[in-house]
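Enquirer: below are the sequence and a predicted model; questions follow.
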Amino acid sequence: MCHKHNYIDFAMEERNTTLGEFIIENQNSFQYSTGELSRIINSIRLAAKVVNYKVNKAGLVDIVGAAGEQNIQGEDQQKLDVFANETFIQTLINREIVCGIASEENDDFITVAGADNSHSNKYVVLMDPLDGSSNIDVNVSVGTIFSVFRRITPVGTPVQAEDFLQPGINQVAAGYVIYGTSTMLVYTTGHGVNGFTLNPAIGTFYLSHPNMTYSEDGKIYSINEGNYVHFPQGVKDYIKYCQKEEGDRPYTSRYIGSLVSDFHRNIIKGGIYIYPTSSKAPKGKLRLLYECNPMAFLAEQAGGKASDGFKRIMEIQPTELHQRVPFFCGSKKMVEKAEEFMQDAQ
């Protein structure tokens, strides 16, 4: 019986497209088909496998808990945060395919020169190396979020801040890795959203969720209602709307507290994720460059919508690397309804 199952598993894999094959097959659809963008996705795939291995054995070794330092936002850095950050940075640097990297865990961006000290590469990567890491100790899913831009300063010169401070509409790729009951890499290059699941036995990602799309409407709302008293009136009104018994409501409340996990559930089941401003976080908590822009790109490519409650996330002009913004993201009709409440409460 075991031999039969092994044969079936192998046969299924034979029919499935691997991430590597998918990248090669779709390379010509990239805006700039030089191979560099493909190599960046491949590097992220490699780093994700290394981080996945550490995440999955985190409960067995001394890698959980705080590292004893704080990041630029004043948050305690977790040991796995530091490991994931270093893994992704070193993997990208070693492959010599990017000219700059910005991470939520670093104060400033990193300039990357080639082996010959040239600055001939054309792409910058921005990332949240381990989103939701405070959940590691309680065995809840965490993730990595990444965003790729083509540099705007002249090739051959060191990258500058303006290469990173671009509006989200300039992204050429974005995605996330979710380290959960199964590990998935989900990404877009502006031609839809595709998800790949890791087979840990052989270390290969297979296309498991082709052409991922939001339902136009949904029945799940994801927000930390524990902060209700601190929310703006428009958000309070929308929450009351979600809870009201009328038509297909009340909606179901689902909130994990890990952006990648909440986003992933909602894109599959249909729903809205909200992290608004509050009296405790007047500008919001999520970072525009490392979290909101890449998730907004994915949402729009999947037929959803992402805004700050009033305007499109991807049209916001960033002014600083660690800029925070309120975030409303998910099924299009749900986001539009939330925006109505925000507008009416002004």
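Expert: The structure has been received and is ready for your questions.
Enquirer: list the buried residues for the host helix or strand of residue 48?
Expert: In this structure, residue 48 sits in helix 36-56 according to DSSP states H and E. With burial defined by 16 or more other CB atoms under 10 Å, the residues of helix 36-56 counted as buried are 36-49, 51-52, 54-55. C-betas here are computed from N, CA, C, even on glycine.
Enquirer: let me know the pLDDT of residue 13.
Expert: Note on residue 13: pLDDT of 48.
Enquirer: what do you get for the one 10 residues further on?
Expert: Looking at residue 23, its pLDDT reads 89.
Enquirer: separation between it and residue 260?
Expert: 21 Å (CB to CB, to the nearest Å).
Enquirer: give me the nearest residue to residue 237, chain neighbours excluded.
Expert: residue 341 (4.5 Å; CB to CB, 6 or more residues apart in numbering).
Enquirer: okay, and the beta partners of the residue positioned nearest the centre of the chain?
Expert: With distances taken as CA atoms, centre = their mean, the residue of the chain nearest its centroid is residue 145 (3.1 Å). Legend: beta-bridge partners of residue 145 under DSSP bridges are residue 128, residue 176.
Enquirer: ok, it to residue 333 distance?
Expert: In terms of CB to CB, residue 145 sits 25 Å off from residue 333.
Enquirer: residue 205 contacts residue 21, correct?
Expert: No. The criterion here is CB atoms under 8 Å, and residue 205 misses it with residue 21 at 10.1 Å.
Enquirer: quick one, which of those two is more surrounded?
Expert: Using other CB atoms under 10 Å as the criterion, residue 205 and residue 21 rank with residue 205 on top: 23 against 13.
Enquirer: wait, a strand at the more buried one?
Expert: Yes. Using DSSP: H, G, I helix; E, B strand; the rest coil, the secondary structure at residue 205 is a strand.
Enquirer: okay, it: pLDDT?
Expert: Reported pLDDT for residue 205: 96.
Enquirer: got the contact list for stretch 226-234?
Expert: Contact with stretch 226-234 is made by 236, 239, 276-280, 309, 338, 341-346, as judged by CB atoms under 8 Å, 6 or more residues apart in numbering.
Enquirer: most surrounded residue in those residues?
Expert: That'd be residue 338 among the contacts of stretch 226-234, by other CB under 10 Å, with 28 neighbours.
Enquirer: list the contacts for the closest residue in space to it that isn't next to it in sequence?
Expert: Using CB to CB, 6+ apart and skipping residues adjacent in sequence, the residue nearest residue 338 is residue 238, 4.8 Å away. If a contact means CB under 8 Å, 6+ apart, then residue 238 has 274, 337, 338, 341, 342 as its contacts.
Enquirer: go again using 10 Å as the cut-off
Expert: Contacts for residue 238 (CB atoms under 10 Å, 6 or more residues apart in numbering) come out as 221, 223, 231-232, 272, 274, 276, 309, 328, 334, 337-342, 344-345.
Enquirer: please apply the same query to residue 340.
Expert: By CB under 10 Å, 6+ apart, the residues touching residue 340 are 234, 237, 238, 241.
Enquirer: from residue 286, how far off is the third one?
Expert: So the one you mean is residue 238. 18 Å.
Enquirer: where along the stretch 151-300 of the chain do the strands fall?
Expert: 171-179, 183-188, 193-199, 204-209, 220-222, 252-253, 271-275 (DSSP state E, counting those that start in this stretch).
Enquirer: how about JSON lines for the ones you listed, with distance to residue 301 added?
Expert: Formatted as JSON lines, the strands of the stretch 151-300 of the chain follow (distance: least, CB to CB, whole Å):
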{"stretch": "strand 171-179", "distance to residue 301": "9"}
{"stretch": "strand 183-188", "distance to residue 301": "4"}
{"stretch": "strand 193-199", "distance to residue 301": "5"}
{"stretch": "strand 204-209", "distance to residue 301": "13"}
{"stretch": "strand 220-222", "distance to residue 301": "20"}
{"stretch": "strand 252-253", "distance to residue 301": "25"}
{"stretch": "strand 271-275", "distance to residue 301": "16"}
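Enquirer: closest to residue 122 out of these?
Expert: strand 171-179 (9.7 Å; CB to CB).
Enquirer: hey, C-alpha coordinates of that closest one in CSV?
Expert: Taking Å, rounded to 0.1, in the frame of the first residue of the first chain, the C-alpha atoms of strand 171-179 are listed here in CSV:
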residue,chain,number,x,y,z
GLN,A,171,6.3,47.6,-8.3
VAL,A,172,7.4,44.9,-10.8
ALA,A,173,6.8,42.0,-8.4
ALA,A,174,5.5,41.3,-4.9
GLY,A,175,4.6,38.4,-2.8
TYR,A,176,4.6,36.6,0.5
VAL,A,177,5.6,33.3,2.0
ILE,A,178,3.4,31.8,4.6
TYR,A,179,4.9,29.3,7.0
